[in-house]
Structure formats: structure tokens, C-alpha cells
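[1] coords please:
(one chain, ligands or ions: 4)
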Amino acid sequence: MSEHIKEQPAAENPEELLDLKLTKPKTWAAGIPAVTVAMVDILQESGFVRGMEGLFKMNKKDGFDCSGCAWPDPDDDRSPIAEYCENGAKALAEEATTKKLTAEFFAQNSVFDLAKLNDYEIGKKGRIAQPVYLPKGASHYQPISWDEAFKKIADKLNSLASPNEAAFYTSGRTSNEASFTYQLFIREYGTNNMPDCSNMCHESTSLGLAEAIGIGKGTVTLNDFYDTDVIIIMGQNPGTNHPRMLSALEKAKKHGSKIIAVNPLHEAGLMGFKNPQTVKGVLGITTQLADLYLQVKINGDMALLKAIEKLLYKAELESPGTVFDHEFIKNNTEGYVAFLNHLNEYDINHLANEAGVPLAQIEQAADILKDKTRIIICWAMGVTQHKNGVATVKEIVNLAMLKGTIGKPGAGLCPVRGHSNVQGNRTMMIFDKPKPKQLDKLKEVFGFEPPRQHGYDVVESIQAMHEGKLKVFFAMGGNFLSATPDTTYTADAMRKLEMSVHVSTKLNRSHLVHGDEALILPTLSRSDKDMVNGEAQFISCENSMGVVQMSKGMLEPISKDLLSENQIVCRLAKATLGKRSVIDWDKYAKSYDAVRDDIAKVIPGFDDYNQKVRVPAGFYLPNGPREGKFENIKFGNKVDFNIAGLPLHESKTGEFRMTTIRSHDQFNTTIYGLNDRYRGVHNERRVIFMNEKDIAKAGFKQGEHVDLYNNFGGVERVARLFVVVPYNVPEGNTATYYPEANVLIPIDSVAEGSNTPTSKLVFISIKKHGVK
Ligand SMILES: Nc1nc2c(c(=O)[nH]1)N[C@H]1C(S)=C(S)[C@@H](COP(=O)(O)OP(=O)(O)OC[C@H]3O[C@@H](n4cnc5c(=O)[nH]c(N)nc54)[C@H](O)[C@@H]3O)O[C@H]1N2
Ligand SMILES: Nc1nc2c(c(=O)[nH]1)N[C@H]1C(S)=C(S)[C@@H](COP(=O)(O)OP(=O)(O)OC[C@H]3O[C@@H](n4cnc5c(=O)[nH]c(N)nc54)[C@H](O)[C@@H]3O)O[C@H]1N2
Ligand code: SF4
Ligand SMILES: [Mo]
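    Ligands and ions are numbered 1, 2, ... in the order given. Predicted structure coming up:
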């Protein structure tokens, strides 16, 4: 390791404060101000014509898929003007920027100097415009040709004692086509070391649902929202993270649906909506969203679900046959009686107390639900990123089973995915634990023997880097260092690598905390035109509801030196595998249709892919549970009622629960801006939201500078210099922003089964800044 790297500033965000301003938190989201803010962003970054051209084509049937979240587009009636939200526009502004990083930029800025910037400043530098290489011991990235870059990586990969000394990460923006060729290359090279962002995101959902109902995906379609009785939104903040979901919620309310929100924070986008595309919205009239807001303690969801189930059971006993769907239970489930016995073991007051919600409010929830037959349950990170994330997902299934509310219109399970193609990545076999059946199919179609041994997921990869078992880390997108837990530990791990390679659009911290050698390979983004041999290519993505759609970029790329992700994979595969390969990589590089033809041979549901994907609005993938056909891990076509206890929370006196959340001005580790408008926080990200009573008890004041400590497993982790912000959170509960607080999340605090870091609950102590 060079001397230079040792001097590098702290891997986490530099510990410095900006100038915090607070305003009153909002009680509604996404009105006209939202669109205006978006416009300002677009104009500043990309210029008027380029920005408007991009916005006009976003999410249109003949346009490109928004690279923001995975919320679906309407099957029909799309808006002729604007089929995007504020955050979609910000995502576009981020990629469509005309600022670019060429060889001169890297010659002028050392890695050391860049690492001193905060994430916002790093991101605003612009698009990476040519491949660059950081030789061992060097202080600056330097230009490198594509051929040389591929040769360096190929030589390194071929020099390893085993393919299992390399890991290949995927972030959820990669298209179906590039994901497919990527996993094919990795498996032909010889490893299943495929950590992906899903491991930190909805893995608890994928595992919980796959075991319970037979598919690790949701069962609803967008149309179900327009014809349902109740929507429960648990641990999800749609106003910020899936803004167009608010239009679906508004429509649902118009059709008479009730909404129950479950969240420790009062989120603006769960309370009200001013729709910028309706006259009412333009006039500033708010549609009330949540009819009932259950402000749970952090990870109080399991207790809440059990309390609701128990009250429904009571109502069922009082009025048999009117609350539970006995027909459904008889035909589709196992273990009903055992489950009721399990519920009987709990005292309702104890459950309410563990949930942190007054019993009277839980009774209101049960009252809303008891005579309804069409219920949609939505959830996201507030459910999955907990020690018991998988069990809570299965408890959601239990509730749905009691009410028979899966596999019929207006009803079902709706995990809301994050990245725009994260669901598609997994469908394309980006997975460290592939099923034997899938591997058999690869072998049958391509004729090579894919590795069978499970690979490393995200947490295991970091641990393996630390132990020196991983030598090469290759990332298809993402920002591994900042997205993963235990930042200091992970930074140490990444610095032990012999080579780190990132296929990226923008500069990020993972380029600055690197292995002995490092490369950045610049790639096209979703909105960029992708020309291969004079012909415009398109890619395809799968949204949160299992719809596969084409996406065709149309903006002129900012540099001629960018390659598409698929091109990068094909050229790297050829350079690495050479004559060893049985695959015609040139064919895939030349034509994405050729890739799709082979996807159709391997992945169920993709027959006639090339025809179906060309139909406007795309096609639905098969989904058994949506049609009432289940495939439970233990009981075949009957789903078992899962029996799981309440989570045990071991904390010391004086410790607080801390959850990590996204502000309204970020996409994961990409910091669009420094404001969280809906929560009333401006020009600062190093904040900790605390209950006013807790602030007073601790002897703090609003604006106090504090340090945060976590001591899980006997290791002290500290995040210094945060500002106290009074907020409506339950006593004993706090919230901070991700990624600034990731330094506090222990690498070995993970969800049982899914190995997802417990980013939504760690216990911390809070001390005045500088006082030990
Ligand atoms: N603009 C924007 N859009 C995004 C993203 C982004 O960063 N910015 N990220 C994308 C990605 S990858 C993902 S996965 C999704 C994430 O979407 P979300 O899951 O909505 O995002 P988070 O901010 O992590 O947290 C969700 C909510 O959970 C609540 N919460 C925290 N702890 C608990 C708990 O214990 N119980 C309950 N019931 N609630 C809890 C928080 O208060 C917050 O409202 O969004 C996607 N879309
Ligand atoms: N504490 C805490 N930690 C968390 C979470 C949390 O809620 N709390 N959430 C977790 C979740 S849900 C997720 S999904 C992960 C996210 O983890 P990642 O997916 O690794 O992180 P992102 O910030 O989305 O990645 C941003 C980078 O992707 C690159 N990029 C953008 N578009 C493209 C593209 O089209 N192609 C390529 N090749 N690169 C591109 C850019 O260089 C950009 O800097 O973080 C997880 N970490
Ligand atoms: S809701 Fe998500 S996919 Fe739709 S425009 Fe907004 S960020 Fe993009
Ligand atoms: Mo995510």
C-alpha cells in the first residue's frame, strides 16, 4: 500500500457541518413546488433544450425508463406531457449533466484531494468521460485506452489462484440484457460471487416471499390500486422514494379506499398529496392520504401485525365467518389452528406496548380491516432492514392469508422495489445463490459447466476482503463503500484488494477508497443514445410489478469514449476468457436482440422476448400467486402460517433506537442537494432527529452538536459531529440519514436468513460533541 493511501482522510463523509436551517415539517407532498424545483435542477445541470428533451421522453411508451425508482408506469393512459416526478427529473438531471471529467480533471485532482470533498461535492463534478487507471502507489488516476483497461483486468482475473478470489457487484440500474451477459461471463469465468444491492435492500422480501408463496416478488398490478378497499403502507416513504405512487394512492382514495400508514416518522407523503397534474392540485387543494397513522416504535411492526391479527381473531369469534376468509384458508393454507394458538399466547396490551402504538388505534385498524376483503399491503426498507426482516415479511403474508387477500383483483402483496431494474437483475440470475434448476438450464443452453457452490453476498464479500480471500472487486454500478455498513471496516477491507474496478457514470467515494490498482470504466446512462455499428439499440427493465418494458435512450452521450454496460461485459469476457469461452461475445456486443434471443431460451416467461418487448408498455411476467397458485417451500401449493416470536431488543440504559433514512434530496448515495424539504431540514445532512422529551432529558438543545456511538459486539463505532433536530418520533427513537450514519451499522448485525444489514435499527448512545 502506498504511503499516500495511509494519509487519506476518513473514509466516511468528512466530519464537517454546513449551516442548518429548520422549517416546519410539511403535511403534504408533491405539489407545484415539487415540479418547479425539478425544473430548476434540470436547467442548471443540462441546459434547457437537453433537459426538456429528456423529460419529454421519460417513461413514455417510446421513450426511456426513468432510472430512479422501480415504481411502474401506467399500462395505458400515460400523460401526454409529464410522466415523471420531481425525483425522476432529478435523476435525469444527474445523468444529463453536461459537466464532464476528462483526463485533465484527473490530472489536476489527486485521489487524496477528491476524498476530502463531501458526497454532494463529489457527485456534482460531472459525468466520467473516459476510462482511467490508478497504478499501484500512484496519487492520480490517469487515462487508459479501453483495450488496455480490459487487458489489465483480464490479466489480473486470470492470475488469481481461483475465480472465487474475485467478486462482481451489481447495483440495480443495469438492464436485463447487460445483467444477463454479465452473469453469464462471471459464471463461465467460474464463480457465483455476485453480491448485489438487493442484499442490502429487499433481500428479506425476496427470501420471505419465495419461501412462503413461491415467488420472491409482489403479487399486485397497478390496476389493483384503483379497485381496493384498504392499502396498508408499512415502512415506506412514497412521497420521497416512489413519488408517482401518490397518484395511484389518490386514485385509490377517489374510489373509496382507506389508507393505513405505519411509520415511526410522520412523513408528508403519507399524510397528503397535491397532484400537480390535476386542477385541484394546481389550486393547492390537498387530498388527505392516511386515514389512520400508526406511529410504531422502530421495529415495532411485528408486534403491531400480531396485535391486528389478534383483534381480527377476536372479531371473528364474535361474529364467525365474517372476518376471516375460511374458503381461502381451507384451500390454500396450512397451520391455521396452530397459528391461532400462537396468537392466543400473546397479551394484547403487551403487543401494543411492543409496537409502541396505543391500543385504541390498533383497534381502529382492526375495525377498518375486519369487513374488508380487498387489501393491499405495501412495504419497503422499514420492514426489510431489520434482524427479523424475513419473519416480518412472512407475518405480512399471515395477515393476507387470514383475510384471503392474495390472488384476486384489488388485493395482494406489494413490496415496493428500489432501483429501477433491481427486480430484473435478479430475474436475469444476478444472484450469489442460484437455483440448481437455473444452472442446469445455463448448461443445457450454452454447454459450459457453471459453478454450483454459492458465492459471497455483500456482507460476506466485505468480510472476505478483510480476510484477504478476495483480491479483485468489480462493480457494475453502485457505490459499494458508501452503501454498505460499517464504513470504516469496509474501507479497510477495500484497501486490502489488489484491484478494484468500477463501471460508473459518476464519480463516487468507492473510486477514492480503492485496492492497490484501480480502474474506472465510464458507461452510458439510461437516457443516453446507445449506438452500435450505426444502429440505435434499446434495453429493457422489469419494474416492481413484474412488467418488462423497452427503454431507448435519446440524448447525445457527453463523450465518444463511453461504452454501454453490455459492450463492457462482452469485451471484458472476450479479453478474459479468450478461446476458453464457448460463447459468441461479438454477437452479443453487436446486437442486443441476440442477447434477448438467448434470454428467451434460459429464463422462464421470456418466450418471444424480442416480439413482446416491442409492444408498447411491455409485457407481464408470469406470477403464480397473482392467479392464486402458490408454491410453498414446505407444503407445496399450500402456504403455511409462519410462526415467529417478537424480536428481542437488547439495549443498555440510556441507549436509543436509531433508524437510517433517505432525505428528499438524494438517490441512495447520490446526494442531489442538501435539503429535506418535507421534513423541514435545509442545508445540512449530519442531523439526528430526536423526540423533544429525549432532548430535554439528555440536557441537549435544538442545534446541539453531538457524537453518536454504537458498541455492538464490543467494537466502538463513532459518527462525530451531528446536529440535534427535534422531531415527531416516538420517545427513545431517533433517525439519521444514510450514508452519513453507515459508520454506525455493524457489519455483523444482519437479518436472519437474508443477511441484510440492519440499517433500520441499531442502538446508539448520544454524547455532546467532543465529550467522551
Ligand atoms: N428519491 C429517491 N427515491 C428512491 C431512493 C432514494 O434514495 N431517493 N432509493 C431507492 C431505493 S434503492 C429504495 S430501496 C427505495 C427505498 O424506499 P423507502 O423504503 O421508502 O426508503 P427509506 O428512506 O429507507 O425508509 C423508509 C421509511 O421507513 C420508515 N421506517 C424506519 N424504520 C422503520 C420501522 O422500524 N418500521 C416502520 N414501519 N417504518 C420504519 C422511515 O421513517 C421511512 O419513512 O427507494 C428507492 N427510491
Ligand atoms: N444505512 C443504510 N444503508 C443502506 C440503505 C439504507 O436504507 N440505510 N439502503 C440500502 C439500499 S436499499 C440500497 S439499494 C443500496 C444502494 O447501493 P448502490 O446501488 O451501490 O448505490 P447507489 O448510490 O445507488 O449507486 C450510485 C452510483 O451508481 C453509479 N451509476 C448510476 N447510474 C448508473 C448506470 O446506469 N450504470 C452504472 N454502471 N453505474 C451507474 C454512479 O456512479 C453512482 O455514483 O444501499 C443500501 N445501504
Ligand atoms: S416515481 Fe420513480 S420511476 Fe417514476 S418518475 Fe418518479 S423516480 Fe422515476
Ligand atoms: Mo434499495
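[2] right, and the secondary structure at Leu519 would be what?
    Here Leu519 is strand, with the state taken from DSSP: H, G, I helix; E, B strand; the rest coil.
[3] dump the residue contacts of Phe238.
    Slight slip there: residue 238 is Pro, not Phe. By C-beta atoms under 8 Å, 6 or more residues apart in numbering, the contact set of Pro238 is Met245, Leu246, Leu249, Gly269, Leu270, Cys378, Val416. The way it works is simple: take the backbone N, C-alpha and C, and place the C-beta from them, glycine included.
[4] do that again at 6 Å, thanks
    Met245, Gly269 (C-beta atoms under 6 Å, 6 or more residues apart in numbering).
[5] ok and the residue in the chain nearest ligand 4?
    Gly418 (2.7 Å; C-beta to the ion).
[6] count of residues packed around the closest residue to that residue other than its chain neighbours?
    Nearest residue to Gly418, sequence neighbours excluded (C-beta to C-beta, 6 or more residues apart in numbering): Cys201, at 5.2 Å. Cys201 has 26 neighbouring residues, counting by other C-beta atoms under 10 Å.
[7] mind checking how far Cys201 is from Ser540?
    Counting by C-beta to C-beta, to the nearest Å, the separation of Cys201 from Ser540 is 21 Å.
[8] likewise Ile568?
    From Ile568 to Ser540 the distance is 18 Å (C-beta to C-beta).
[9] how about the residues of the stretch 351-500 of the chain that lie near ligand 1?
    By C-beta under 6 Å from any ligand atom, the residues of the stretch 351-500 of the chain that approach ligand 1 are Ala380, Met381, Gly382, Gly418, His419.
[10] which two in those are spaced the farthest apart?
    Gly382 and His419 (17.4 Å; C-beta to C-beta).
[11] List, out of the residues of the stretch 351-500 of the chain next to ligand 1, those positioned next to ligand 2.
    Met381, Gly418, His419.
[12] Is the second one in contact with Met200, as I believe?
    Right, the one you point to is Gly418. No: the criterion here is C-beta atoms under 6 Å, and Gly418 misses it with Met200 at 9.4 Å.
[13] Of those two, give the one with the bigger neighbour count.
    Met200 (28 against 23).
[14] what sits against that one?
    Val458, Pro757.
[15] show me what contacts the residue of the stretch 101-250 of the chain found nearest ligand 3?
    Residue of the stretch 101-250 of the chain nearest ligand 3, by C-beta to the nearest ligand atom: Arg244 (3.6 Å). For Arg244, the contact set (C-beta under 6 Å, 6+ apart) comprises Trp71, Cys85.
[16] One more: Ser651?
    Phe763.
[17] does the nearest residue to Glu655 once chain neighbours are set aside have beta-bridge partners, and which?
    Spatial nearest neighbour of Glu655, excluding adjacent residues (C-beta to C-beta, 6+ apart): Phe763 at 4.5 Å. Per DSSP bridges, the residues bridged to Phe763 are Arg657.
[18] What count of nearby residues applies to Phe763?
    18.
[19] Please look at it and Gly654 and confirm they touch.
    No: using C-beta under 6 Å, Phe763 is not in contact with Gly654, being 10.0 Å away.
[20] longest helix in this structure, by residue count?
    The longest helix of the chain (DSSP state H) is helix 301-318.
[21] And the next helix or strand past that one?
    Per DSSP states H and E, helix 301-318 leads on to helix 326-332 as the next helix or strand towards the C-terminus.
[22] Distance from that following helix to the middle of the chain?
    Helix 326-332 sits 34 Å away from the centroid of its parent chain (C-alpha atoms, centre = their mean, to the nearest Å).
[23] show me what contacts the residue of the chain found nearest ligand 2?
    Per C-beta to the nearest ligand atom, the residue of the chain with the smallest distance to ligand 2 is Gly478, at 2.6 Å. Applying C-beta under 6 Å, 6+ apart, one finds that Gly478 lies in contact with Ser171, Cys197.
[24] Which ones, among the ones next to ligand 2 among the residues of the stretch 351-500 of the chain next to ligand 1, also lie beside ligand 3?
    Among those, no residue lies close to ligand 3 (C-beta under 6 Å from any ligand atom).
[25] Now, those residues that are in helices?
    Those of those lying in helices (DSSP H): Met381.
[26] I'd like the ones next to ligand 2 among the residues of the stretch 351-500 of the chain next to ligand 1 laid out as a markdown table, including pLDDT.
    Output for these, formatted as a markdown table (pLDDT from 0 to 100):
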| residue | pLDDT |
| --- | --- |
| Met381 | 98 |
| Gly418 | 96 |
| His419 | 96 |
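[27] From the ones next to ligand 2 among the residues of the stretch 351-500 of the chain next to ligand 1, pick the one nearest Leu55.
    Using C-beta to C-beta, those come closest to Leu55 at His419, 20.4 Å.
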